[in-house]
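In: Sequence and predicted structure below; questions after.
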Amino acid sequence: MGQKSFLIITNHSYMLWQFRRELIGALLELGSVTISTPFVGREADFAAMGCRMIETPLDRRGVNPARDLALLRFYRRLIRREKPDLVITYSIKPNIYAGAVCRRLRVPCCANVQGLGTAFERRGLARLVTVMYRRALRRARTVFFENESNAVAFFRRGVADPARSITLPGAGVNLDRCAPQPRPDGGGATADTDTDAPVRFLYLGRVMREKGMDEFIEAARRLRRTHGGRVRIEIVGFFEDDYRAAVAALVGDGIAVFRGFRPDAAPFYAACDCVVLPSWHEGMSNVLLEAAASGRAVITTDIPGCREAVEHGVTGWLVPPRSADELYRAMAAFAGLTPAQRAGMGAAGRRKMEREFDRRVVVSRVLDALGLTESAP
């Protein structure tokens with residue numbers, strides 16, 4: 001197999017590093033890798049691996065025709081100049097705009113659909129995005145989905161061809177980096193015997209409405225009223241919606257501690273007993289995979305992209321989306337468990353990750369799907 005040139009196009013360099021660097025390492029063994037992305041962190045790490053980095057102006061969440069047209073033109077110039085053997089795209093705008101360029105230039109391309117997002121919740125926008133996706137993916141070599149529900153939604157809309165589509169367990173999880181650790185204070189779910197240590201809940205992720213932040217805030221306030229100092233709540237992440245005042249009020253009222261964005265999540269998983277993610281939609285939640293691999297129970301919503309990471313009642317609990325009442329009940333129920341029961345949930349979650357979500361297996365499946373593994377003699 002000769003040396004190949006790969007062009008990876010994405011909307012977030014930090015997220016690519018967190019969840020795809022093992023795949024990129026495998027691609028580097030087969031040839032050269034160029035990454036087109038907004039520079040928001042980890043660019044130097046990719047460069048140290050041997051990747052060439054191209055900073056790309058991209059509005060991740062906005063819908064601005066002029067900016068999107070400029071992005072389309074940027075991708076057209078980029079792909080014509082680079083002449084890659086394969087383009088790999090992640091997230092909606094790279095999938096649509098870079099995918100459309102690849103179709104017109106007849107450059108091999110594979111797209112990664114990492115969730116449907118809000119675009120498919122708004123009827124008018126959903127129609128437009130469906131048409132754009134359908135055109136962009138018409139000649140895609142492979143379309144990767146992170147859960148079956150998203151794949152079926154694309155098939156029903158005629159966006160993707162089932163014969164050229166593969167569903168993966170998200171990006172998987174690195175089981176070595178996310179290893180179970182005891183709580184630093186010796187208490188909680190990892191304690192051998194019951195202690196007076198409080199039960200610690202963690203929200204880790206973008207602080208935004210679609211991650212269920214309204215429900216989380218309401219549930220946290222109720223939990224504090226009913227359980228007092230027997231629980232601790234921590235929020236780690238960065239603001240994508242304007243929740244600064246609401247989070248500041250939680251902190252000011254002594255209900256939660258806000259840590260802001262932290263590049264290394266491992267210490268926060270280790271310090272908690274349960275990770276809470278009341279999201280409205282996901283492709284496959286990496287936070288849930290990392291939490292479970294770290295030996296922590298999870299409470300999340302019963303939606304595609306979250307339910308796959310949880311065995312209800314065994315590794316955590318699933319609650320209806322957009323329900324602060326059910327979220328509170330699940331958190332209160334978890335707080336009422338013994339340390340041994342909490343530890344049992346976390347251990348069961350780790351076993352589930354080992355069985356179903358090993359990132360090494362995911363990387364191997366991607367390479368196989370792209371025809372990048374050499375046949376055994």
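Out: Perfect, I can see it now. Numbers count the residues shown, from 1 in each chain.
In: Low-confidence stretches in this protein?
Out: Per-residue confidence for the chain (pLDDT under 70) gives these ranges: 1, 61-62, 117-124, 187-195, 374-377.
In: Could I get the full set of strands for it?
Out: Shown for the chain, the strands assigned by DSSP state E span residues 4-9, 31-37, 52-55, 86-90, 109-113, 142-145, 165-167, 199-204, 231-236, 257-260, 274-277, 297-301, 316-319.
In: Make TSV out of those strands and add distance to Gly186 and mean neighbour count.
Out: All C-beta spots, glycine's among them, are computed from the backbone N, C-alpha and C. As requested, the strands of the chain are exported to TSV (distance: least, CB to CB, whole Å; neighbours: other CB atoms under 10 Å):
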stretch	distance to Gly186	mean neighbour count
strand 4-9	43	22
strand 31-37	41	21
strand 52-55	43	15
strand 86-90	40	27
strand 109-113	41	26
strand 142-145	42	25
strand 165-167	41	18
strand 199-204	12	24
strand 231-236	15	21
strand 257-260	19	14
strand 274-277	17	27
strand 297-301	18	27
strand 316-319	23	25
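In: got the contact list for the residue lying closest to Met353 once chain neighbours are set aside?
Out: Counting by CB to CB, 6 or more residues apart in numbering, the nearest residue to Met353 once its immediate chain neighbours are dropped is Ala293, at 4.2 Å. When the contact criterion is CB atoms under 8 Å, 6 or more residues apart in numbering, the partners of Ala293 are 173-175, 178-180, 349-350, 353, 357.
In: From the residues you listed, keep the buried residues only.
Out: The neighbour count (16 or more other CB atoms under 10 Å) marks 173-175, 178, 180, 349-350, 353, 357 as buried among the contacts of Ala293.
In: Adding distance to Arg141, write these out as JSON lines.
Out: Compiled in JSON lines, those are given as follows (distance: CB to CB, whole Å):
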{"residue": "Val173", "distance to Arg141": "26"}
{"residue": "Asn174", "distance to Arg141": "26"}
{"residue": "Leu175", "distance to Arg141": "29"}
{"residue": "Cys178", "distance to Arg141": "31"}
{"residue": "Pro180", "distance to Arg141": "38"}
{"residue": "Gly349", "distance to Arg141": "35"}
{"residue": "Arg350", "distance to Arg141": "35"}
{"residue": "Met353", "distance to Arg141": "29"}
{"residue": "Phe357", "distance to Arg141": "25"}
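In: Among those residues, which are located in helices?
Out: Within those, membership in helices is found for 349-350, 353, as judged by DSSP state H.
In: Please tabulate the residues you listed in TSV, including the columns distance to Lys4.
Out: Rendered in TSV, the data for these read as follows (distance: CB to CB, whole Å):
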residue	distance to Lys4
Gly349	38
Arg350	36
Met353	31
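In: which one of these is nearest Val366?
Out: Out of those, the one with the shortest distance to Val366 is Met353. That distance is 18.2 Å, counting by CB to CB.
In: what about that closest one, distance to Ala291?
Out: Remark: distance between Met353 and Ala291 (CB to CB, to the nearest Å) = 9 Å.
In: can you check Asp273 too?
Out: If you go by CB to CB, the gap between Asp273 and Ala291 works out to 11 Å.
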